[in-house]
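[1] how would this look folded up:
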Amino acid sequence: MTAKDNLKSFADLLFCNDSAAILDLRAAVENWEEFYRANEDALNVDLDWQKKVWGDNPRLWEIVIDIGHLHHYLFEADWREEYQDIVDGLQELKPCSELEIDWNLLAETDPEIPINDFMQSIATALAAHGTTLVILDKASDSYPLAILNDAVVSDAEEFARQIEDARLVIVSRTEIN
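    Sure, this is the predicted structure:
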């Protein structure tokens, strides 16, 4: 399989086979500049800067992150993000729409708790619903957060390993003390 095949397979799992998201991914991979120009505002991207960084070689992992954001399968949290904002962002993700989680309790987490512990608490809450919190690491100070069904996590990890610059981080599940 090629990197693009692995990207498509990974995206099928991340996007829950959402045909609109998959079509956008294909369009962005085929002609990233045209796709980003058409969606510049929705993606909150500076196209001129993107051209300088990517040139003729778009970063496939970043494309899947952007498409995930565009279609509400991913929320990108800054490391300084308020916990309430992270919870709000996760609640808006399609995979979370029907999960009965006490989001308010998570949002009320003491802001002095380290963000990694906070993420583990979210992962624990999601685990009760057969889902896993993952970070699509892009070597930055942000956390591109997504939710995967437990049944597809190992396949997603394998596909991600075959994509250049991709790193899928599974957030461990523990309670905040």
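
[2] Tell me which residues are up against stretch 88-105.
    16, 18, 71-75, 77, 87, 107, 122, 125-126, 128-129, 131, 145-149 (Cβ atoms under 8 Å, 6 or more residues apart in numbering). (Glycine included, C-beta is placed from N, CA and C.)

[3] Make a PyMOL selection of the buried ones in the residues you listed.
    Here is the PyMOL command that picks out the buried ones among these, judged by 16 or more other Cβ atoms under 10 Å:
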select buried, resi 18+71+72+73+74+75+77+87+107+122+125+126+129+131+145+146+147+148
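
[4] before we move on, what SS does P144 have?
    strand (DSSP: H, G, I helix; E, B strand; the rest coil).

[5] follow-up on the earlier one: so which of the contacts of stretch 88-105 are in helices?
    Among the contacts of stretch 88-105, the residues falling in helices (DSSP state H) are 87, 107, 122, 125-126.

[6] so which pair among those residues is furthest apart in space?
    A107 and L126 (14.7 Å; Cβ to Cβ).

[7] Find me the pLDDT at H129, would you?
    Looking at H129, its pLDDT is 96.

[8] Not counting residues beside it along the chain, what's closest to it?
    In this structure, H129 finds its nearest non-sequential neighbour in L99, 4.9 Å apart by Cβ to Cβ, 6 or more residues apart in numbering.

[9] Just give the nearest non-adjacent residue to Q50, would you?
    Y36 (6.1 Å).

[10] re earlier: run a quick neighbour tally on the residue nearest to H129.
    17 (other Cβ atoms under 10 Å).

[11] is it fair to say it lies in a helix?
    No: counting by three-state DSSP, L99 is not part of a helix but coil.

[12] From H71, how far off is it?
    L99 is 18 Å from H71, where distance means Cβ to Cβ, to the nearest Å.

[13] again, but for D102
    26 Å.

[14] and E82, what is it in contact with?
    P111.

[15] so the residue nearest to Q50 touches N44, yeah?
    No: using Cβ atoms under 8 Å, Y36 makes no contact with N44, being 10.8 Å away.
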